[in-house]
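A.B. asks: output the structure for:
(4 chains)
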Protein chains: 2
Amino acid sequence: MSSPTTFRDIKTDIMRRIASGEWAPGSRLPNELDLAQKFGAARATVNRAMRELVDDGIVERKRKAGTHVRSVPLRQIRLHIPVVRAEIEEQGADYRYALLHSNIGRPPDWLRARLSLRPQDEVRHLTCIHFADGNPYQLEDRWINLTATPLAREADFSQSGPSEWLIRQVPFSDVEVSFSATAADTEQAENIGCGKGDPLFRIERQTSWQHQPITFVRLIYQRGYRLTSRY
Amino acid sequence: MSSPTTFRDIKTDIMRRIASGEWAPGSRLPNELDLAQKFGAARATVNRAMRELVDDGIVERKRKAGTHVRSVPLRQIRLHIPVVRAEIEEQGADYRYALLHSNIGRPPDWLRARLSLRPQDEVRHLTCIHFADGNPYQLEDRWINLTATPLAREADFSQSGPSEWLIRQVPFSDVEVSFSATAADTEQAENIGCGKGDPLFRIERQTSWQHQPITFVRLIYQRGYRLTSRY
DNA sequence: CAGTGGTCTAGACCACAGC
DNA sequence: CTGTGGTCTAGACCACTGA
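C.D. replies: Alright, predicted model coming up:
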């Protein structure tokens, strides 16, 4: 008697059949009960395999309609956005942080629109630099909604960055992130040590939690930075 | 009699306790059996909730050691890298494609090193433009390993791009992707219609399948492009 | 060695949505 | 209306790994 069929076996076999063309894009797979009999497994085991295939963007499922191979496989990656301190220390470099500027006030219009802030909301605005081995690595331009996180009004960001503080205050959040390229303006060029107009990699991220806007941040990386991921 | 506790209920409750500080970062959660009793659910239900929490980067689990709240929550996103045709058409714009250049030969050294190609391997090199409403949207610089995908030697890429062809030939793959900013060189500036030295968003992606290198591609986007995602 | 998570089974009820 | 996936249960065996 051989060991029982695992959900991994089933997943692999189904992927093989899809790759081989036996189950073409758009075609319908047998239902769970039939597959369970075919593989000699319980329906729950087949179900787990199928859920992972959905998760991987390989098939789509609908009640009654059944399971279909996606006609265009969904190209998706799991991107880990590193916390800058950890990223630098993992490279074996020395991490240092500096707060350039901090103030509290009414948000500018573009920010109010972007975060859907109300007229009475105040924000704390911070600009910081993160260094690796003494060289500028990342500029952080951070806005925190004080209505959502009132403790940020008095928090001390002179020794460590607002990211690390926020992640403790708000462990989960809904996030919208965007990646782009930008040209260094005069101030950025000076702070990060590159020429004016040099291409810099930029991440913008706004987070909210339970429909309340928390923070917006713009991260500018040193010249030549790459954000890399495998999947 | 109320309806049974769902894995979602359990997940939500655990997240609430973590957010409230009841289960602090680094602390150990009760084991599955205890949680199952506490929630009045089967162990399998608790297990599913916990597996999702692992997946979301909120907890870590090890046999015997138990389940611990991650001390630094893992910031990860699910990034959907759009197929350029779909991306353009979803914006309601007209998609057009042009092949600029195609040839077959030995790979340059940097590519051989990057993809771990063997001395006898040949590659097909293609450069293409993707247009949105007549404007250059993306430049594609594509290298295909002909040993892995011999059909690419004769394939016709004059009407549609190699991405769409490859995705049909190789539905799954292991991928390494990187995002960065680059300055437009003379040729890129001309092709994409921007100034030389302008900052451009770049994606580089190399894919393999079953330890065999398939392709390397460098995508350069029009000025001002943003890759955006929610999670 | 023993506690913990990893997984499978067989059966059940249910919700949704195509037919 | 009925087929299909979505989920829960109770129980079992096993594999890893920390104490």
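
A.B. asks: tell me the residues of chain A that contact DNA strand D?
C.D. replies: A:29, A:31-33, A:43-44, A:47, A:50-51, A:54, A:61-67 (C-beta under 7 Å from any atom of the strand). Quick note: C-beta positions are derived from backbone N, CA and C, even for glycine.

A.B. asks: out of the residues you listed, which are buried?
C.D. replies: The neighbour count (16 or more other C-beta atoms under 10 Å in any protein chain shown) marks A:29, A:32, A:47, A:50, A:67 as buried among the residues of chain A next to DNA strand D.

A.B. asks: what is the most widely separated pair among those?
C.D. replies: A:Leu29 and A:Asn47 (12.6 Å; C-beta to C-beta).

A.B. asks: please enumerate the shared neighbours of those two.
C.D. replies: Residues touching both A:Leu29 and A:Asn47 by C-beta atoms under 8 Å, 6 or more residues apart in numbering or on different chains: none at all.

A.B. asks: in helices, which of the buried ones among the residues of chain A next to DNA strand D appear?
C.D. replies: Judged by DSSP state H, these include A:32, A:47, A:50 as members of helices.

A.B. asks: which neighbouring elements make contact with the lowest-mean-pLDDT helix or strand in chain A?
C.D. replies: Every helix and strand of chain A was ranked by mean pLDDT, DSSP states H and E. The lowest is strand A:76-80, at a mean of 86. Here strand A:76-80 touches strand A:226-230, strand B:76-80, going by 3 or more C-beta pairs under 8 Å, 6 or more residues apart in numbering or on different chains; DSSP states H and E.

A.B. asks: next helix or strand past that strand?
C.D. replies: Moving toward the C-terminus from strand A:76-80, the next helix or strand (DSSP states H and E) is helix A:84-90.

A.B. asks: ok, then the element right after that following helix?
C.D. replies: Scanning forward in sequence from helix A:84-90 by DSSP H and E, the next helix or strand is strand A:95-105.

A.B. asks: packing partners of that next one?
C.D. replies: So strand A:95-105, by 3+ C-beta pairs under 8 Å, 6+ apart, packs with helix A:84-90, strand A:123-132.

A.B. asks: what ranges do the helices span in chain A?
C.D. replies: Counting by DSSP H, the helices of chain A are A:7-20, A:32-39, A:43-55, A:84-90, A:109-115, A:162-169, A:186-192.

A.B. asks: CA atoms only for the second one, dumped as CSV, please.
C.D. replies: Right, helix A:32-39. This file holds the C-alpha atoms of helix A:32-39, laid out as CSV (Å, rounded to 0.1, in the frame of the first residue of the first chain):
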residue,chain,number,x,y,z
GLU,A,32,-14.1,17.9,-7.3
LEU,A,33,-15.9,14.6,-6.7
ASP,A,34,-14.7,13.2,-10.0
LEU,A,35,-11.2,14.3,-9.4
ALA,A,36,-11.2,12.9,-5.9
GLN,A,37,-12.2,9.5,-7.3
LYS,A,38,-9.7,9.7,-10.1
PHE,A,39,-6.8,10.5,-7.7
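
A.B. asks: so that helix versus helix A:7-20, what angle?
C.D. replies: Orientation check (axes from the mean of the first three to the mean of the last three C-alpha atoms, to 10 degrees): helix A:32-39 against helix A:7-20 gives 100 degrees.

A.B. asks: hmm, who's touching helix A:32-39?
C.D. replies: Contact with helix A:32-39 is made by A:5, A:9-10, A:13, A:29-30, A:42-43, A:45-47, A:50, as judged by C-beta under 8 Å, 6+ apart.

A.B. asks: tell me which two of those sit farthest apart.
C.D. replies: Across the contacts of helix A:32-39 (C-beta to C-beta), the longest gap, 17.4 Å, separates A:Leu29 and A:Ala42.

A.B. asks: near DNA strand C, which residues of chain A?
C.D. replies: Residues of chain A found near DNA strand C, taking C-beta under 7 Å from any atom of the strand as the criterion, are A:4-9, A:40-45, A:48, A:62-65.

A.B. asks: next, count neighbours for the closest residue to DNA strand C within chain A.
C.D. replies: Relative to DNA strand C, the nearest point of chain A is A:Thr6 (2.7 Å; C-beta to the nearest atom of the strand). Neighbour count of A:Thr6, defined by other C-beta atoms under 10 Å in any protein chain shown: 14.

A.B. asks: could you do A:Asp121 as well?
C.D. replies: Using other C-beta under 10 Å, A:Asp121 is surrounded by 17 other residues.

A.B. asks: same thing with A:Val170?
C.D. replies: Neighbourhood size, A:Val170 [other C-beta under 10 Å]: 19.

A.B. asks: check A:Pro86 and give its pLDDT.
C.D. replies: Check again: residue A:86 is Ala, not Pro. We have a pLDDT of 89 for A:Ala86.

A.B. asks: leaving out chain neighbours, which residue sits closest to it?
C.D. replies: Leaving aside its chain neighbours, A:Ala86 sits nearest to B:Val72 (7.1 Å; criterion: C-beta to C-beta, 6 or more residues apart in numbering or on different chains).

A.B. asks: can you list the domains in chain A?
C.D. replies: Listed by automatic domain parsing, the domain ranges of chain A are A:7-69, A:84-221.

A.B. asks: mind listing what A:His68 touches?
C.D. replies: Residues in contact with A:His68 (C-beta under 8 Å, 6+ apart) are A:26-29, A:59-61.

A.B. asks: in chain A, what spans have low per-residue confidence?
C.D. replies: Along chain A, segments meeting pLDDT under 70 span A:1-3.

A.B. asks: go through stretch A:138-152 and flag the buried ones.
C.D. replies: In stretch A:138-152, counting by 16+ other C-beta under 10 Å, buried: A:138-146, A:148-149, A:152.

A.B. asks: next, see if that stretch gets close to chain B.
C.D. replies: No - Stretch A:138-152 lies out of reach of chain B by C-beta under 8 Å from any C-beta of the partner chain, never closer than 13.3 Å.
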